[in-house]
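Visitor: Just to be clear, the model below is a prediction. Sequence and coordinates:
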Amino acid sequence: MVERVGFSLKGEEVMDEFYLPEEILEWLSQKKSEYLSKLIENMESDDFQFHEFQQFEEYLPVTLATPDWTTDSILDGQRIKTFGRSFNDGKFFQQVVIGALVPDQNKNDVFIPIISFVTKKENLIRLFGEGKLAKQLLN
């Protein structure tokens with residue numbers, strides 16, 4: 001179970017007394033670069049572009065709190081969780097958030113985001129939704 005998310009939402013700091021070892025920080029940075037490269041290689045010209053992603057940041061808390069689906073996987077010995085949710089707010093899109101589950105000093109999982117993006121394309125959802133399906137779409 002994820003106890004908290006390792007980044008602030010709307011200015012609320014949730015990283016109290018949480019330390020990430022240097023090797024985890026380096027690994028997170030490397031994975032972010034790899035995921036960005038994979039995203040760039042597979043984005044289509046009629047999909048959302050990078051400069052548009054920030055317009056969807058307000059949906060992050062909802063995606064993390066009530067995802068339509070989640071997957072769990074292990075990558076380089078690190079636990080990865082992917083959250084996905086569909087929205088139809090004047091236009092249909094899906095938001096994907098990928099992050100690492102890192103235990104804190106009390107052995108509770110903290111979700112550290114690596115990358116998030118929005119898309120209209122199912123191929124990107126399949127590509128980035130790798131892993132064991134932990135929660136399926138309810139509708």
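Guide: Alright, I've got the coordinates. Numbering: from 1, shown residues only.

Visitor: where along the protein do the helices fall?
Guide: Applying DSSP state H to the chain gives helices spanning 22-42, 50-53, 60-65, 122-128.

Visitor: Quick one: closest of those helices to residue 97.
Guide: Nearest to residue 97, of all those, is helix 60-65, at 5.6 Å by CB to CB. C-beta: built from backbone N, CA, C; applies to glycine.

Visitor: average model confidence for the closest one?
Guide: For helix 60-65, mean pLDDT is 94.

Visitor: Let me know the distance separating the residue positioned nearest the centre of the chain from residue 31.
Guide: Nearest to the geometric centre of the chain sits residue 97, at 1.9 Å (CA atoms, centre = their mean). To residue 31, residue 97 is 13 Å away according to CB to CB, to the nearest Å.

Visitor: who's the residue nearest to the centre of the chain bridged to?
Guide: Beta-bridge partners recorded for residue 97 (DSSP bridges): residue 83, residue 116.

Visitor: Can you check what pLDDT the model gives it?
Guide: On pLDDT, residue 97 comes in at 96.

Visitor: my read: it touches residue 118, true?
Guide: No. Judged on CB atoms under 8 Å, residue 97 makes no contact with residue 118 at a distance of 10.2 Å.

Visitor: Distance to residue 72 added to the helices of the chain, as JSON lines?
Guide: Listed next are the helices of the chain as JSON lines, based on distance: least, CB to CB, whole Å:
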{"stretch": "helix 22-42", "distance to residue 72": "16"}
{"stretch": "helix 50-53", "distance to residue 72": "24"}
{"stretch": "helix 60-65", "distance to residue 72": "15"}
{"stretch": "helix 122-128", "distance to residue 72": "14"}
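
Visitor: I'm done for today, thanks for sticking with me.
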